[in-house]
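*Asks:* with the sequence up front, the predicted model follows.
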Amino acid sequence: MDKIINSLRPSRIIIPILIGVGVSGWLLYRNFNAEAFSFVEFTWHTLLFLVIAFSMMFVRDVAYMYRLIVLTEYRLSWKQAFNIIMLWEFSSAVSPSVVGGTAPAIFFLYKEGLSGGESTAVVLTAIFLDELFFIFSVPIVYAFYGNNIFPPAAEHYSEVIYGFYIGFGIILVYTFFLAYALFVNPYLFKSFISWVFLFPLLKKWRMGARKWANQLIQTSKIIKKKPFIYWFKSSLATIISWTGRYWVVNFLFLAFFEQSKNLYDQFLIYGRQLSMWIILLVSPTPGGSGIAEYIFTDFLGDLIPNKSWITTLAIFWRLISYYPYLFAGVIILPIWIRHVYKKSKKYKVVK
């Protein structure tokens, strides 16, 4: 418990904030133009779509909470689901994207009354559904837009392409192995993991890998018994949550840029974000801070009339979709820890 709590200490928000602000400042400096903020006019139209952009994060979080309730078979209350999702997002925001908040999420669920096996099953199922969303969505938007889902004539175009395919390849392989382990033969997968971690360079992580493989076996036993409605509801919630996240940017464009009302452009913005997130999912920085702002300007800069505006728009995007989770986590984590501690203490006394 102490190890996970220490990894989520509130002081850790300083690192992603410094990285994000530093990169944003550098981008503003590099592309400084007197017109960088000239598009920001707070008319009733702008305010309306900014409110809608904020509401998309609300939609996203509610969908995630509902999915968590479904995955736990309604054993969590909405309040518990809210706390877990906020803390899960906080742990993801202060951890490298490639690491994510998997271990803390299992811990949060365990402390809310689920067993270790059930907590692992819920988190792995949620991750599996998220990865499936990307695996199916990316080919669909690519079929419609082709290479337009990448920034045209970008300075680092080849690097962007390589980053995308490497990221998508990692997701594809990971999801394939996870699907095989969960639905086909978890025991063979455990044997494979044990064999891989016999190599001298990997030997020190062998016990952890075997523990993870055992958790997969338990997870497989749990989720194989789930009915169709369980998968339908959780899959629908997954689609709504990711769509809500992406529509933040769509509504920001609608708030400030008249020409973005074109339906083709709206779906192109959505498609660009899909390819952006494939790269961000393997980001080494906490919550993709710094890299997210840079990639945003690279991927979406050609879709607005003046490229000097894109960094400012990226700042708006992160203010809505990223930084609130940092501050929510700082507020909720201490309260949640006190609640869990009191509950554990009360349980020990009763026992």
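*Replies:* Perfect, thanks for sending it. Numbers count the residues shown, from 1 in each chain.

*Asks:* dump the residue contacts of residue 300.
*Replies:* Listed by CB atoms under 8 Å, 6 or more residues apart in numbering, the contact set of residue 300 reads 151, 249, 269, 272, 310, 313. Where you see a C-beta, it was placed from the backbone N, CA and C, and this is true even at glycine.

*Asks:* meant to ask about residue 144, not that
*Replies:* Contacts of residue 144 by CB under 8 Å, 6+ apart are 267, 271.

*Asks:* give the buried residues for the helix or strand where it lies.
*Replies:* Residue 144 belongs to helix 116-145 when assigned by DSSP states H and E. Within helix 116-145, the residues scored as buried using 16 or more other CB atoms under 10 Å are 117-134, 137-138, 141-142, 145.

*Asks:* after it, next one along is what?
*Replies:* helix 157-183.

*Asks:* and that next one, what does it pack against?
*Replies:* Applying 3 or more CB pairs under 8 Å, 6 or more residues apart in numbering; DSSP states H and E, one finds that helix 157-183 contacts helix 116-145, helix 186-196, helix 206-223, helix 263-280.

*Asks:* how about stretch 14-22: buried residues?
*Replies:* 16-17, 19-21.

*Asks:* then stretch 171-186?
*Replies:* 171, 175, 178, 181-182, 186.

*Asks:* can you check stretch 61-79 too?
*Replies:* 61-72, 76.

*Asks:* quick revisit: quick one: which of the buried residues of stretch 14-22 is nearest residue 317?
*Replies:* Using CB to CB, the shortest approach to residue 317 within these belongs to residue 20, at 11.0 Å.

*Asks:* which helix or strand contains that closest one?
*Replies:* Going by DSSP H and E, residue 20 is in helix 14-30.

*Asks:* low-confidence ranges, the protein, go.
*Replies:* For the chain, residues meeting the criterion pLDDT under 70 lie at 1-13, 24-40, 97-101, 153-158, 192-206, 208-209, 212, 259-261, 341-351.

*Asks:* now the buried residues of stretch 14-22 in a markdown table, with distance to residue 215?
*Replies:* Compiled in a markdown table, those are given as follows (distance: CB to CB, whole Å):
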| residue | distance to residue 215 |
| --- | --- |
| 16 | 29 |
| 17 | 33 |
| 19 | 32 |
| 20 | 33 |
| 21 | 38 |
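
*Asks:* nearest to residue 337, of the helices and strands packed on helix 157-183?
*Replies:* helix 116-145 (17.1 Å).

*Asks:* related to what we said a few turns ago, list buried residues within the contacts of residue 300.
*Replies:* The buried subset of those (16+ other CB under 10 Å) comprises 151, 249, 269, 272, 310, 313.

*Asks:* turn the residues you listed into CSV, columns for distance to residue 333.
*Replies:* Putting those into CSV (distance: CB to CB, whole Å) gives the following:
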residue, distance to residue 333
151, 37
249, 28
269, 34
272, 34
310, 34
313, 30
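
*Asks:* give me phi/psi at residue 286?
*Replies:* phi -60, psi 120 (degrees, to the nearest 10).

*Asks:* now do the contacts for the closest residue to it other than its chain neighbours.
*Replies:* Distances taken as CB to CB, 6 or more residues apart in numbering place residue 16 nearest to residue 286, at 4.0 Å, with adjacent residues excluded. With contacts defined as CB under 8 Å, 6+ apart, residue 16 is in contact with 93-94, 285-287, 289, 326.

*Asks:* check residue 168 too.
*Replies:* With CB under 8 Å, 6+ apart, residue 168 has these contacts: 134, 138, 278.

*Asks:* at 10 Å instead, please
*Replies:* 134-135, 138-139, 142, 274-275, 278-279, 281-282 (CB atoms under 10 Å, 6 or more residues apart in numbering).

*Asks:* return the closest of these with respect to residue 190.
*Replies:* The closest of the contacts of residue 168, once distances to residue 190 are taken by CB to CB, is residue 135, at 24.0 Å.

*Asks:* can you give me the distance of the closest one to residue 233?
*Replies:* 20 Å (CB to CB, to the nearest Å).

*Asks:* how much space between residue 129 and residue 71?
*Replies:* To residue 71, residue 129 is 9 Å away according to CB to CB.

*Asks:* quick check: neighbours shared by those two?
*Replies:* By CB under 10 Å, 6+ apart, the residues touching both residue 129 and residue 71 are 234, 237.
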